[in-house]
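K.L.:
only geometry, no sequence info:
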């Protein structure tokens, strides 16, 4: 069974640009989560999508947005990039079972110059 | 107070040692609990779920104390390959699923 996949692996942008990150969940999983992990820091929750709807978002500005497609894959968009947006962006998926755990993709490392 | 707190670490232990990590959570309505490990510059991977009755997986034992809102992870006979950051994760499940990650405890097993 294929795991969570993310693309691209690395992304280099300059300040003010926009970045789009993509995630495909494990087959059968309908929930997708996005996290930011800056170097040396813990995981910070960004967004949670389930069944195509945004269910919850973390304490991030509106320039962080995303969507979930009918096939449950997801995009994270970051507008007006700032230097401090440089981080590893992790996507995770889970099933809708109440006790389901999350499975992570390998992440996209975003560098803002 | 953070919603999920862990021993700050780092823990530096010799091979073969037994090491225990502690985690506390603040939301008494939390429904499910997990330990993840994260290797340097890699994604977190599920180590084990934590059940009320406690559970064991080889050298790893997890315990949950709902009354004290406390979770622990015990690693016996530490191996070099156990070196990683261990993340305590709580699912609050207020609506669907709401995972909260602790800051992690770093373990280095030394030869």
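P.N.:
Everything's here; your move. Just so it is clear, the structure is predicted and the values come from calculations on it, not from any experiment. Numbering: from 1, shown residues only, chains lettered A, B, ... in the order given.
K.L.:
Give me the neighbour count for residue A:20.
P.N.:
Using other Cβ atoms under 10 Å in any protein chain shown, residue A:20 has 14 other residues around it. Any C-beta I mention is one placed from the backbone N, CA and C, and that applies to glycine too.
K.L.:
For it, which non-adjacent residue is closest in space?
P.N.:
Closest residue to residue A:20 apart from its sequence neighbours, by Cβ to Cβ, 6 or more residues apart in numbering or on different chains: residue A:77 at 5.4 Å.
K.L.:
Same question for residue B:5.
P.N.:
Closest residue to residue B:5 apart from its sequence neighbours, by Cβ to Cβ, 6+ apart: residue B:24 at 5.1 Å.
K.L.:
Please point out which parts of the one helix or strand the one you found maps to sit buried.
P.N.:
Assessed by DSSP states H and E, residue B:24 sits inside strand B:19-25. The neighbour-count check on strand B:19-25 (16 or more other Cβ atoms under 10 Å in any protein chain shown) flags B:19, B:21, B:23-25 as buried.
K.L.:
next structured bit after the helix or strand of chain B with the lowest mean pLDDT?
P.N.:
Ranking every helix and strand in chain B by mean pLDDT, DSSP states H and E puts strand B:99-101 at the bottom, with a mean of 85. Downstream of strand B:99-101, the next assigned helix or strand under DSSP H and E is strand B:105-110.
K.L.:
In its sheet, which strands sit next to that following strand, and in what direction?
P.N.:
Paired with strand B:105-110 in the same sheet, following DSSP bridges, are strand B:11-14 (parallel), strand B:84-91 (antiparallel).
K.L.:
Understood, closing this out.
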